[in-house]
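>>> Below: sequence and its predicted model.
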2 protein chains.
Amino acid sequence: MTQDAGSDVGKAAEVTYLTIRRQILSGERAGGEWLREGDLAAVIGVSRTPVREALRRLAAEGLVRHEPNRGVQVEDWGVDDLDEIFSLRSQLEPWGCGLAAATGLADLVLLDELADRMDAEARRDPPDLDAITELNNRFHRAVLEASGNGRLVGLVSSVVEVPLVWRTFSHYSREAMQRSLAHHHEIVDALRAGDAQWAESVMRSHVRAAWVSLREEHGDSPPGS
Amino acid sequence: MTQDAGSDVGKAAEVTYLTIRRQILSGERAGGEWLREGDLAAVIGVSRTPVREALRRLAAEGLVRHEPNRGVQVEDWGVDDLDEIFSLRSQLEPWGCGLAAATGLADLVLLDELADRMDAEARRDPPDLDAITELNNRFHRAVLEASGNGRLVGLVSSVVEVPLVWRTFSHYSREAMQRSLAHHHEIVDALRAGDAQWAESVMRSHVRAAWVSLREEHGDSPPGS
DNA sequence: CATCCCCAGATTGTATGCAATTGATGGGAC
DNA sequence: GTCCCATCAATTGCATACAATCTGGGGATG
């Protein structure tokens, strides 16, 4: 059965990649689970060739682990991975945000709109956390794209998608969520003012607050570096 | 003709990957050149399947550009890419070096040996720049591995191999080379002292000095951020 | 009873054939 | 002379068949 019967023509590998990726990030495929090429090919409705291509791509991104002649299994992440990722983010994102303030390349209209839409989604009852996550990702990406360093965007993106498995925003307290939303507006203001140090500081607060929120949910000690 | 006839059994894709990668980094494949699956398969002596796999892997690493239904071509880098890369390195490597000083996980004996061997290679006439490059890469990797953040190693590695096309050390003046070698010893001393700020500062000096050396060779203005 | 060996099943790795897409070429209309 | 479109060669994308490798179990052997 083809899961995307609408426009599955011409891009079997792409469809396969997106399908497996979505299943992993949604938690449908548990960490440690083996992904057999044959099974996936049968379920998705393509041959093993595009499946192999999709799996190698996922392996390059770090979502699955490839063991030669054995197969690939879904990477199972722990709190240590979360620490590594947020440690990196709290270094790279503030720096990129400061660069964006210096260059003045940021699309302030877009960022304002994204921040407002996150506010709106958060006011719904219940809030659509997936929608907020999507908007949040676009916000952070837009900020980094304004840094003028294209590789920075790629590096952070490659590292950011892993914590999506944790359903980041679902762990936020009401206060933490409000503060996070306020941070977004403050970031835009700092960028508008062209104040690199302000922008860098707010983004650092923003990322580290998120880090603490996630760690508290897992009953661990506060972050070190 | 099989280029690695010694032990090419069992891993056609790996051999293909290493072969093409080496050709790109050695400059044997010029930037912008199209890499046809059929040609590569015939030259290396394998079928198109492992060639496709190798090319996708290289594309994931950013060494080649993949255009759907058209093929892949060798990425052609410019001075802007060099700026992006060293801008990132001057942010990530000092930070990682400071972390390494704090953790105390660094293998000081290995680092001492690598620094000494770089000195020895530099004293040869003429110096073996490829050997120095290899030792230098191992040195920097060992430092970052001691940071305790595995993803940091991967991120920097993915970004560092591109400038290899430029034959980094061949552009160093005698003074710049001597200073670079001295930096390595100073980094080890800072790590031995467990002084994170010292370690971070030296590594920052080390990276930014390299940046300036490379830019001067290309007749450009000094780096900004 | 523990150990080793070997075989069978399952799974990945590679080769090959065919379909689909792209870009160029050449002829013809205006 | 220029533009447009049909056709074709070249190349990638996908499917399938075959070879190589790994895992687990059963039985002989000490």
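On my side now, so go ahead. Residues are numbered from 1 along each chain as shown, chains lettered A, B, ... in the order given.
>>> need the contact list for the residue in chain A positioned nearest to DNA strand C.
At 3.1 Å from DNA strand C, residue A:71 is the closest residue in chain A, using C-beta to the nearest atom of the strand. All C-beta spots, glycine's among them, are computed from the backbone N, C-alpha and C. Residues in contact with residue A:71 (C-beta atoms under 8 Å, 6 or more residues apart in numbering or on different chains) are A:34, A:35, A:36, A:37.
>>> Check residue A:188 too.
For residue A:188, counting by C-beta under 8 Å, 6+ apart, the contacting residues are A:108, A:111, A:112, A:115.
>>> Closest to residue A:139 out of the contacts of residue A:71?
Using C-beta to C-beta, residue A:35 comes nearest to residue A:139 of the contacts of residue A:71, at 31.9 Å.
>>> Distance of the residue of chain A closest to DNA strand C relative to chain B?
As judged by C-beta to the nearest C-beta, to the nearest Å, residue A:71 and chain B stand 15 Å apart.
>>> So in terms of bridging, what pairs with that residue?
Legend: beta-bridge partners of residue A:71 under DSSP bridges are residue A:67.
>>> returning to what we had before: of the contacts of residue A:188, just the buried ones, ChimeraX syntax please.
Buried members of the contacts of residue A:188, identified by 16 or more other C-beta atoms under 10 Å in any protein chain shown, are gathered into one ChimeraX selection as follows:
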select /A:111,115
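>>> Settle this for me: residue A:153 is touching residue A:141, isn't it.
Yes: Residue A:153 lies in contact with residue A:141 (C-beta atoms under 8 Å); the separation is 6.4 Å.
>>> more neighbours, these two?
A side-by-side neighbour count of residue A:153 and residue A:141, using other C-beta atoms under 10 Å in any protein chain shown, places residue A:153 first with 18 against 14.
>>> residue ranges with poor pLDDT in chain A?
Filtered on pLDDT under 70, chain A yields the residue ranges A:1-10, A:219-222.
>>> And for residue A:69, the neighbour number?
Other residues close to residue A:69 by other C-beta under 10 Å number 6.
>>> quick one: the strands in chain A?
A:34-35, A:64-67, A:71-74 (DSSP state E).
>>> And the second one, what's buried?
Applying a neighbour-count criterion of 16+ other C-beta under 10 Å, one finds A:64, A:65 buried in strand A:64-67.
>>> which residues are contacting that strand?
Contacts of strand A:64-67 (C-beta under 8 Å, 6+ apart): A:24, A:35, A:55, A:56, A:58, A:59, A:72, A:73, A:74, A:75.
>>> Try it again at 6 Å.
With C-beta atoms under 6 Å, 6 or more residues apart in numbering or on different chains as the test, strand A:64-67 has contacts from A:58, A:59, A:72, A:73, A:74, A:75.
>>> now that strand: how far from the chain's centre is it?
20 Å (C-alpha atoms, centre = their mean, to the nearest Å).
>>> What parts of chain A come near DNA strand C?
A:9-10, A:34-38, A:48-49, A:52, A:68-72 (C-beta under 7 Å from any atom of the strand).
>>> From those, keep the buried residues only.
Buried among those (16+ other C-beta under 10 Å): A:35, A:37, A:52, A:72.
>>> Pick out the most distant pair among those residues.
A:35 and A:52 (10.7 Å).
>>> just to revisit the earlier point, which among the strands of chain A is found nearest to residue B:196?
When the strands of chain A are ranked by proximity to residue B:196 (C-beta to C-beta), strand A:64-67 comes first, at 32.3 Å.
>>> Any part of that closest one near DNA strand D?
No: judged by C-beta under 7 Å from any atom of the strand, strand A:64-67 and DNA strand D are separated, with a smallest distance of 7.9 Å.
>>> before we move on, back to that, is it possible to export the contacts of residue A:71 to a markdown table including distance to residue B:215?
Formatted as a markdown table, the contacts of residue A:71 follow (distance: C-beta to C-beta, whole Å):
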| residue | distance to residue B:215 |
| --- | --- |
| A:34 | 49 |
| A:35 | 45 |
| A:36 | 50 |
| A:37 | 47 |
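>>> List just the nearest of the residues you listed to DNA strand D.
Using C-beta to the nearest atom of the strand, the contacts of residue A:71 come closest to DNA strand D at residue A:37, 9.3 Å.
>>> Give me the phi and psi angles of the residue nearest in space to the middle of chain A.
When C-alpha atoms, centre = their mean is applied to chain A, the residue found nearest the centroid is residue A:161 (3.3 Å). Here is the backbone geometry of residue A:161 (degrees, to the nearest 10): phi -70, psi -20.
>>> roughly how far apart are it and residue A:211?
16 Å (C-beta to C-beta, to the nearest Å).
>>> and DNA strand D, which of the residues of chain A next to DNA strand C contact it?
A:10, A:48, A:49, A:69, A:70.
>>> Make CSV out of those and add distance to residue B:195.
Below are those laid out as CSV (distance: C-beta to C-beta, whole Å):
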residue, distance to residue B:195
A:10, 58
A:48, 54
A:49, 54
A:69, 46
A:70, 44
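>>> Show me what from chain A comes close to chain B.
Proximity of chain A to chain B, by C-beta under 6 Å from any C-beta of the partner chain, involves residues A:60, A:84, A:87, A:91, A:95, A:149, A:151, A:155.
>>> which residue packs closest to the last one, ignoring adjacent ones?
Counting by C-beta to C-beta, 6 or more residues apart in numbering or on different chains, residue A:155 lies nearest to residue B:155, which is 5.3 Å off, once chain neighbours are set aside.
>>> what does the first one give?
Counting by C-beta to C-beta, 6+ apart, residue B:60 is the residue found nearest to residue A:60 once chain neighbours are left out, at 3.7 Å.
>>> So that neighbour versus residue B:152, what's the distance?
19 Å.
>>> Same check on residue A:160?
Distance from residue A:160 to residue B:152, by C-beta to C-beta: 15 Å.
>>> How many residues are close by whatever residue of chain A ends up closest to chain B?
Nearest residue of chain A to chain B: residue A:60, at 3.7 Å (C-beta to the nearest C-beta). By the other C-beta under 10 Å criterion, the neighbourhood of residue A:60 contains 17 residues.
>>> Equivalent analysis for residue A:224, please.
Residue A:224: 10 neighbours (other C-beta under 10 Å).
>>> now do residue A:119
16.
>>> Leaving out chain neighbours, which residue sits closest to it?
Among residues not flanking residue A:119 along the chain, residue A:181 sits closest, at 5.6 Å (C-beta to C-beta, 6+ apart).
>>> And for the one you found, the neighbour number?
If we define neighbours as other C-beta under 10 Å, then residue A:181 has 20 of them.
>>> Check residue A:223 too.
Neighbour tally, residue A:223, other C-beta under 10 Å: 15.
>>> residues contacting it?
residue A:211.
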